[in-house]
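1. Predicted model, plus sequence, below.
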Number of protein chains: 2
Amino acid sequence: MGNNKEMATVSKATIGRLPAYHRYLKEKQAEGERTISSTAIAEDLHLNAVQVRKDLALISSVAGKPKLGFDVEDLIADIDRFLGYDNVSDAVLVGAGGLGSALVGYGGFKNYGLNIVAAFDSSPSLVGTTLHGVHVFDVGELTRLVRRLNVRIGILTVPKEAAQGAADALVSGGVRAIWNFAPVHLSLPANIAVKNEDMAASLAILSKRLAEILSNEK
Amino acid sequence: MGNNKEMATVSKATIGRLPAYHRYLKEKQAEGERTISSTAIAEDLHLNAVQVRKDLALISSVAGKPKLGFDVEDLIADIDRFLGYDNVSDAVLVGAGGLGSALVGYGGFKNYGLNIVAAFDSSPSLVGTTLHGVHVFDVGELTRLVRRLNVRIGILTVPKEAAQGAADALVSGGVRAIWNFAPVHLSLPANIAVKNEDMAASLAILSKRLAEILSNEK
C-alpha cells in the first residue's frame, strides 16, 4: 500500500479524490479512450485543473505529455498501486443489521482493495445465517476468529452502545484499522487507524448549504 | 437554519464538528452535568482545546465563564438553533434497498432536523411496502409527489446508473439539496446543494493510514 515517502507528501484531500479519478478513468477506458488531458478530467469532475495536475503528479510516475495528456491505462495502474487496490486486504464486519448488510451487499469494495471475509452479530436470529455469501458468526467469537484469520481491518456497523466493546474485541484480535459507522468516539490506542463516518456531520453540512442557498434567494 | 452572517464566518470543518459536540453535551446533560469546560470537552473528544473554544465562540451567544465553563443546556440550545435541529425539514429517500432501508431505520435523523416522509423505488417488489413506517412509492411518482409534499431535501441511495435520473426528477419537483450516496458525480444546477458520501474515498484514507502505521513498525 505505498511507502512512507509517498504518504508524507500526499494530503488526505488528495487521497480522498483518487477514487473519483480512478472511477472516471475506468469509465473512459471502457469507452475506448487511450489518453486524457488533466483539463478534461478537471472539467468532467468539476475540479480545478491545477489541483488535478498537482494530484496526478504526486502519485504518477509518468508525466502527462503536452497535447496528448496522460496515458489512461498507466494512470489507472498508478492509482491502483498507490491506493493498494492491486493488493486486496481482508476485513471483518461487526453488526449484521441493515447498514452492515448494505455494506456487504455493495460488493464494490473488492475493486477498492477490501474483501469482507466474515461478519459478526450478537443477535441469535442473525448468527449462523449468511449475508450476501458472507457467514455471520457470534460476536463472542470475534477476537478469536480475527486472530485466526489474521485480519487487520474491522468495519463497525453496530449500535453506538456496542461500539466500544466491539472495537476493543477487534483490537485484541490484532485489527489495526477500524472503519467506524457508529456515532460515537472510540477510545483506542494511538497505533490504531480509525476513520469515522459521521452521518450527522454530513447532514449538518448539507443543511447549512441549503439554508445558505435559500437565504441568498430571498 | 441560521442566517447568512453565521454561514459566512463558520467553516465546514467547524460545522462538521458541531454534531459531535451536541451528542457529547446531551450525554453529559443526561449524566446530570450542568456546566462544562472547553478543556474537558477537548480532552474527551480528543480535540485541541483552542479549536474547541474557537468553535463554540462562533456559534454560542453565551461566553464560557472562567472556572465554571459553559452552561450545558445553553450550549445545546445554541447548537440546536445553529444547525436547525429545532426546525425539522422533510426529506424523501430514493432507493429503498439495503442502504436506503438502513438510513430510514436509523431513525436518529429526526434528532438532527431531518424527517424522511416518503421513499421511492423502481422495483415492483418494494413499491407499496413500508420501510420502518415510511411508504415506498413508485419512482415514476417522484417529481409529482415531491412537488405536492413541498420537500426540499432528497437522499439518493440508488445504484449509480440510476442516480442522475433520480437527481433530475428530484430537482424538477423542487428539491434544493441532495445527499448523494451513489458513487457518481451528479451534474446539477449551481443552486442545488450536494453532499456526496464517497465510501471509496473514506476507505482509501483508512487504508493509507493503516499502511503508514504498519510501515512505521517495520
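-> Thanks, I have it.
2. Every contact and neighbour count from this point should use C-alpha atoms.
-> Fine.
3. and the residue nearest the centre of chain A, what pLDDT?
-> Geometric centre of chain A, nearest residue: A:Y112, 7.3 Å, by C-alpha atoms, centre = their mean. We have a pLDDT of 74 for A:Y112.
4. Does it touch A:Y85 like I think?
-> Yes - with contact defined as C-alpha atoms under 8 Å, A:Y112 and A:Y85 form a contacting pair (5.2 Å).
5. so what pLDDT did A:K67 get?
-> The predicted structure lists A:K67 with a pLDDT of 66.
6. wait, isn't A:E197 in contact with A:F181?
-> Yes - because the distance of 5.0 Å satisfies C-alpha under 8 Å, A:E197 is recorded as touching A:F181.
7. what's near enough to touch the residue nearest to A:L99 when sequence neighbours are not counted?
-> Distances taken as C-alpha to C-alpha, 6 or more residues apart in numbering or on different chains put B:A102 closest to A:L99, at 4.9 Å, once the chain neighbours are dropped. Going by C-alpha atoms under 8 Å, 6 or more residues apart in numbering or on different chains, B:A102 touches A:97-99, A:102.
8. Could you say which helix or strand holds B:A102?
-> Element membership for B:A102, per DSSP states H and E: helix B:98-106.
9. Tell me the helix or strand right after that helix.
-> strand B:114-121.
10. CA atoms of that next one as PDB?
-> Extracted in PDB, the C-alpha atoms of strand B:114-121 (Å, rounded to 0.1, in the frame of the first residue of the first chain):
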ATOM      1  CA  LEU B 114     -34.400  15.500   9.200                       C
ATOM      2  CA  ASN B 115     -37.700  13.800   8.800                       C
ATOM      3  CA  ILE B 116     -38.000  11.200   5.900                       C
ATOM      4  CA  VAL B 117     -41.600  11.500   4.800                       C
ATOM      5  CA  ALA B 118     -41.600   9.200   1.700                       C
ATOM      6  CA  ALA B 119     -39.400   6.600   0.000                       C
ATOM      7  CA  PHE B 120     -39.300   5.700  -3.700                       C
ATOM      8  CA  ASP B 121     -38.100   2.700  -5.700                       C
END
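11. now it: how far from the chain's centre is it?
-> On the basis of C-alpha atoms, centre = their mean, to the nearest Å, strand B:114-121 sits 15 Å off its chain's mean C-alpha point.
12. And the contacts of that strand?
-> B:88-96, B:104, B:109, B:127, B:131, B:134-139, B:142.
13. Give the buried residues for the helix holding B:A102.
-> B:98-105 (16 or more other C-alpha atoms under 10 Å in any protein chain shown).
14. Just give me the neighbour total for A:I116.
-> Applying other C-alpha atoms under 10 Å in any protein chain shown, we find 20 residues neighbouring A:I116.
15. Just name the shakiest helix or strand of chain A by mean pLDDT.
-> helix A:4-9 (a mean of 49; mean pLDDT, DSSP states H and E).
16. which residues sit in contact with the residue nearest to the centre of chain A?
-> A:Y112 neighbours (C-alpha under 8 Å, 6+ apart): A:84-85, A:88, B:200, B:203-204.
17. How about A:G100?
-> Here A:G100 is in contact with A:93-94, A:157 (C-alpha under 8 Å, 6+ apart).
18. returning to that earlier point: from the contacts of B:A102, pick the one nearest A:R147.
-> A:G97 (23.4 Å; C-alpha to C-alpha).
19. measure that closest one to A:D121 for me?
-> Separation of A:G97 from A:D121 (C-alpha to C-alpha, to the nearest Å) stands at 8 Å.
20. Could you check which of those two has the larger neighbour count?
-> Between A:G97 and A:D121, A:D121 has the larger neighbour count (other C-alpha under 10 Å), namely 25 against 18.
21. give me the beta-bridge partners of that one?
-> Judged by DSSP bridges, the bridge partners of A:D121 are A:D138.
22. As CSV, the contacts of A:Y112 with secondary structure and distance to B:R147 would be great.
-> CSV is the format used below for these (DSSP: H, G, I helix; E, B strand; the rest coil; distance: C-alpha to C-alpha, whole Å):
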residue, secondary structure, distance to B:R147
A:G84, coil, 45
A:Y85, coil, 43
A:V88, coil, 45
B:A200, helix, 33
B:L203, helix, 36
B:A204, helix, 38
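23. would you list every one of the helices in chain A?
-> Remark: helices assigned in chain A by DSSP state H are A:4-9, A:12-30, A:38-45, A:49-59, A:72-83, A:98-106, A:142-149, A:160-173, A:199-216.
24. would you turn the ones you listed into TSV with distance to B:S215?
-> Output for the helices of chain A, formatted as TSV (distance: least, C-alpha to C-alpha, whole Å):
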stretch	distance to B:S215
helix A:4-9	7
helix A:12-30	18
helix A:38-45	32
helix A:49-59	18
helix A:72-83	14
helix A:98-106	28
helix A:142-149	20
helix A:160-173	18
helix A:199-216	31
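25. Can you flag the weakest of these by average pLDDT?
-> helix A:4-9 (a mean of 49).
26. related to what we said a few turns ago, do you know how far the residue nearest to A:L99 is from B:L56?
-> Distance from B:A102 to B:L56, by C-alpha to C-alpha: 32 Å.
27. Please apply the same query to A:L25.
-> 42 Å.
28. Kindly report the domain assignment for chain A.
-> A:4-83, A:89-201 (automatic domain parsing).
29. out of those, deepest packed?
-> domain A:89-201 (a mean of 19; mean count of other C-alpha atoms under 10 Å in any protein chain shown).
30. got the end-to-end distance for that domain?
-> Span of domain A:89-201 from end to end, C-alpha to C-alpha: 28 Å.
31. got it, and stretch A:27-44?
-> Span of stretch A:27-44 from end to end, C-alpha to C-alpha: 12 Å.
32. Over to stretch A:59-78?
-> 7 Å.
33. distance between it and the chain's centre?
-> Stretch A:59-78 has its C-alpha centroid displaced from the chain centroid by 24 Å (C-alpha atoms, centre = their mean).
34. ok, now stretch A:34-45?
-> 23 Å.
35. and if you look at stretch A:175-187?
-> Centre-to-centre, stretch A:175-187 and its host chain are 14 Å apart (C-alpha atoms, centre = their mean).
36. could you check whether it is close to chain B?
-> Yes - counting by C-alpha under 8 Å from any C-alpha of the partner chain, chain B has neighbours in stretch A:175-187: A:176-179, A:185.
37. ok so, going back, now, which of the contacts of A:G100 sits nearest B:A30?
-> Among those, and counting by C-alpha to C-alpha, the member closest to B:A30 is A:T157, at 24.4 Å.
38. Just list the residues touching the closest residue to that closest one other than its chain neighbours, thanks.
-> Counting by C-alpha to C-alpha, 6+ apart, A:T157 lies nearest to A:G95, which is 4.8 Å off, once chain neighbours are set aside. By C-alpha under 8 Å, 6+ apart, the residues touching A:G95 are A:119-122, A:156-159.
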